[in-house]
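Colleague: Test case, fold it:
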Amino acid sequence: MRTTLLYGKDGLAIEVPDHSVILEPKNLPGLEDEEGAVLQALRNPIGTPPLREMVKSSDKVAIVISDITRPTPNHKLVPWILKELLHVPLEQFVIINGTGTHRDQTREEFIQMLGEEIVDSVRVINHHCHNKDELVKVGTSRFGCDAYLNKEYVEADFKIVTGFIEPHFFAGFSGGPKGIMPGIAGIETIMTFHNARMIGDPLSTWGNMTDNPVQDMAREVNRMCKPDFILNVTLNREKEITAVFAGELFEAHNRGCAFAKEHAMLRCDERFDVVITSNSGYPLDQNLYQAVKGMSAAHKIVKEGGTIICAAECRDGLPNHGNYAEILQMRKTPQEILDMINDPSFKIFDQWQVQKQAVIQVWADVYVYSSLPDEDVEKAMFKYTHNIEQTLAQLKERYGEEMTVAILPLGPLTIPYVEE
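Modeller: Have a look, this model is predicted:
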């Protein structure tokens, strides 16, 4: 049987055993008139007056967007927001790129994300979580830290955040409050948000919004300096908009999460020997750090002692910024890595991704198919494969003729689960 994984910009066709189980979300068509649907949502929002009526012509308006590692179609959403706010001069807008702890985007990348006309006519800035001069304290979190957010956002008269909603491997769902926390938070706040206790909590997982400490803290910090309006969307495998959720932060996000849960989460009767996953293709599979999400989706349904094969292009390397690669070199085994991170005295940003990765590696073997050099894959304690079909043949010798195989062609756009 032949199937195609989302991989890079072009996809990856592979041959898999005929008895393999293909797990994909319900295939929703893109909206026929995306712009019409978004403008309709801005004019008839959930829980607020129409956007145009809320914004005064004298307001300084901040629009927070997700960075280049997310497929939010801001090249569509931002122009449509500006079209709805024609009474506000362009010089009164600032677009804040919610990098979290990620690297800055270049002008060329901003053009890719927003379009050249927007980049040339509106001020666009990168958020810098480490630069205290660009941050403002907005409160103290009950989770044990001060809450810092981007100064330009805090000082804006009207605050808008965009995003897209999908199941998230420790926040339950993406979008909504995550655009602000951690998107434009300070490093001290992000470190608590992603500490070992928060990430290791069993309720910090795919699709769960009930007593999830990560989602709870995101919402708590948002309440300290709440966005006045959100515009979130859901997407299909072609990255087309399938639904629009706009208006009051929590009400609109909750409605979007319910929609995503209905279409993206799939129940399985039992776990599999082998699970093949992608990381949803470009831009989500730009580096190995991000690819942990695809592995985490597979982890939900692979047997203990089983094998995950993850196809992620990783055109941006491990990456070569942040501490992900460095942390992986601090110990020799995934279990040793976990023990190190679970020590309360250990605090380095990016540890959360390594923690999630190590949990998966303690449970199952992980092969990576990518454009990375083999030595980089091995440094991350993974096994590399250059041919998924050959690797499957080798695994058949290990698991036997009855080897069970599941495929997640869309990676973490599909979240399977087994009720145990």
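Colleague: Run through the helices of the stretch 201-350 of the chain in chain order.
Modeller: Remark: helices assigned in the stretch 201-350 of the chain by DSSP state H, counting those that start in this stretch are 213-224, 249-264, 288-299, 324-328, 334-342.
Colleague: and Tyr367, how far is that from Leu410?
Modeller: With distances taken as CB to CB, to the nearest Å, Tyr367 is found 19 Å from Leu410. (Each C-beta comes from the backbone N, C-alpha and C, glycine too.)
Colleague: can you check His102 too?
Modeller: Going from His102 to Leu410 by CB to CB gives 23 Å.
Colleague: now swap in Thr101 and tell me
Modeller: Separation of Thr101 from Leu410 (CB to CB) stands at 26 Å.
Colleague: who's more crowded, the two?
Modeller: Counting neighbours by other CB atoms under 10 Å for Thr101 and for Leu410 shows that Leu410 has the greater number, 24 against 20.
Colleague: Tell me if I'm right that the more buried one and Glu24 touch.
Modeller: Yes: using CB atoms under 8 Å, Leu410 makes contact with Glu24 at a distance of 5.8 Å.
Colleague: ok, Leu51 touching Glu84?
Modeller: Yes: the pair Leu51 / Glu84 is scored as a contact, 5.6 Å apart, by CB under 8 Å.
Colleague: shared neighbours, those two?
Modeller: The contact sets of Leu51 and Glu84 overlap at 42-43 (CB atoms under 8 Å, 6 or more residues apart in numbering).
Colleague: Which one's more surrounded, those two?
Modeller: Leu51 (22 against 18).
Colleague: Quick check: phi and psi at the closest residue to the more buried one other than its chain neighbours.
Modeller: Nearest residue to Leu51 in three dimensions, chain neighbours excluded: Leu42, at 4.5 Å (CB to CB, 6 or more residues apart in numbering). For Leu42, the backbone dihedrals are phi -70, psi -30 (criterion: degrees, to the nearest 10).
Colleague: pLDDT wise, what is Asp104 at?
Modeller: The model reports Asp104 with a pLDDT of 96.
Colleague: Same question for Ala13.
Modeller: Ala13 carries a pLDDT value of 98.
Colleague: Tabulate the helices of the stretch 201-350 of the chain in TSV, adding columns for mean pLDDT, distance to Thr189 and mean neighbour count.
Modeller: Compiled in TSV, the helices of the stretch 201-350 of the chain are given as follows (pLDDT from 0 to 100; distance: least, CB to CB, whole Å; neighbours: other CB atoms under 10 Å):
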stretch	mean pLDDT	distance to Thr189	mean neighbour count
helix 213-224	98	7	21
helix 249-264	96	18	20
helix 288-299	96	20	27
helix 324-328	94	20	20
helix 334-342	96	19	17
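Colleague: mind checking which of those is nearest Glu134?
Modeller: Distance to Glu134, taken as CB to CB, is lowest for helix 213-224 among the helices of the stretch 201-350 of the chain, at 16.7 Å.
Colleague: Need the residues that contact the closest one.
Modeller: When contacts are defined by CB under 8 Å, 6+ apart, helix 213-224 is touched by residues 138-139, 141-143, 147, 149, 170-173, 176-178, 180-182, 185, 189, 192-194, 198-199, 201, 203-204, 208-209, 249-250.
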